[in-house]
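**Q** Sequence and computational prediction follow.
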Amino acid sequence: MRQQGKPYRSAFDVRENTKPETIWSEASRLLADPKVSARVAELQAMARDMALISVGTLTKELEEARSMAMTEK
């Protein structure tokens, strides 16, 4: 998981001059903790579910609008 540096920076007080390798190393160490990785997986699943709900809702609304437009012709 190469994109763990950005969340680490936002969650912790990281100095501007901190090397990216150091941030990546610390983030990787933190993510190796089973409790942390389990919580990350849980949050990712929640985000995925919310995205699917949004896509489903938008698709339904689009279909309803299309149906209304077809009946108004």
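**A** Here it is on my side, so go on.

**Q** just checking, what packs against the helix or strand encompassing E26?
**A** Take DSSP states H and E as the rule and E26 turns out to sit in helix 20-31. Applying 3 or more CB pairs under 8 Å, 6 or more residues apart in numbering; DSSP states H and E, one finds that helix 20-31 contacts helix 5-11, helix 34-71. For every residue, glycine as well, the C-beta is placed using N, CA and C.

**Q** TSV for those, including distance to I23 and mean pLDDT?
**A** What follows is these, written out as TSV (distance: least, CB to CB, whole Å; pLDDT from 0 to 100):
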stretch	distance to I23	mean pLDDT
helix 5-11	5	86
helix 34-71	16	92
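
**Q** Figure out which of the ones you listed is closest to S28.
**A** For S28, the closest of the helices and strands packed on helix 20-31 is helix 5-11, at 9.2 Å, according to CB to CB.

**Q** Run the chain-centre distance for the closest one.
**A** Distance of helix 5-11 from the chain centroid (CA atoms, centre = their mean, to the nearest Å) equals 13 Å.

**Q** Can you spell out which helices and strands pack onto that helix?
**A** Using 3+ CB pairs under 8 Å, 6+ apart, helix 5-11 is in contact with helix 20-31.
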